[in-house]
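Enquirer: got a predicted structure plus its sequence, pasted below:
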Amino acid sequence: MTATPSDVAVNFLLAESIRQETGGKLTIIGYYPGNQLLIPKETKQLVTSIAFVFIALDGDGTFSTAVSLTAPSGKAIFKNEFLQNSVKHPGQPLSVLLAVQPFVTDETGTFDVTLHLDNATYRRSFTVDFEP
């Protein structure tokens with residue numbers, strides 16, 4: 001029996017790099033607190049690496065998996081990037097990771113990231129803004 005994760009039980013983290021380790025651990029380098037990426041004021045175009053992870057704490061089953069990323073202007077950076085099927089075991093978290101290397105943008109504002117597990121969607125966001 002399949003039960004898609006509930007939206008409230010899906011966490012989202014943004015970092016420079018995230019790697020899946022054995023035993024379900026994650027190595028996170030350059031975590032962006034508040035999912036906010038701050039850049040110097042004189043920056044005209046941001047070129048960096050980002051990675052994000054969705055962590056589903058409930059649900060169970062095998063799900064077709066895709067991720068979409070949309071810029072503040074509404075432009076799709078990528079739409080429905082299909083990944084391998086995700087398997088969520090009861091009582092264990094499911095981590096879905098994606099790295100964007102390089103991440104290039106000249107936009108600031110709120111970027112939308114959407115995880116698709118079968119027909120369920122989990123929309124989260126992060127911001128790119130200038131340093132104060």
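Expert: Thanks, I have it.
Enquirer: who's in contact with the spatially most central residue of the chain?
Expert: The chain has residue 52 as the residue nearest its centroid, 3.5 Å off, counting by C-alpha atoms, centre = their mean. Listed by C-beta atoms under 8 Å, 6 or more residues apart in numbering, the contact set of residue 52 reads 12, 13, 14, 15, 18, 97, 98, 113, 124, 126. For glycine as for every other residue, the C-beta is placed from the backbone atoms N, C-alpha and C.
Enquirer: so residue 102 is in which element?
Expert: Assigned by DSSP states H and E, residue 102 belongs to strand 94-105.
Enquirer: still on that earlier bit, considering the contacts of residue 52, which is situated nearest to residue 56?
Expert: Checking the contacts of residue 52 against residue 56 with C-beta to C-beta, the nearest one is residue 12 at 10.5 Å.
Enquirer: and the strand holding residue 102, average pLDDT?
Expert: For strand 94-105, mean pLDDT is 95.
Enquirer: helices and strands around it, which ones?
Expert: Applying 3 or more C-beta pairs under 8 Å, 6 or more residues apart in numbering; DSSP states H and E, one finds that strand 94-105 contacts strand 10-20, strand 46-56, strand 61-70, strand 76-88.
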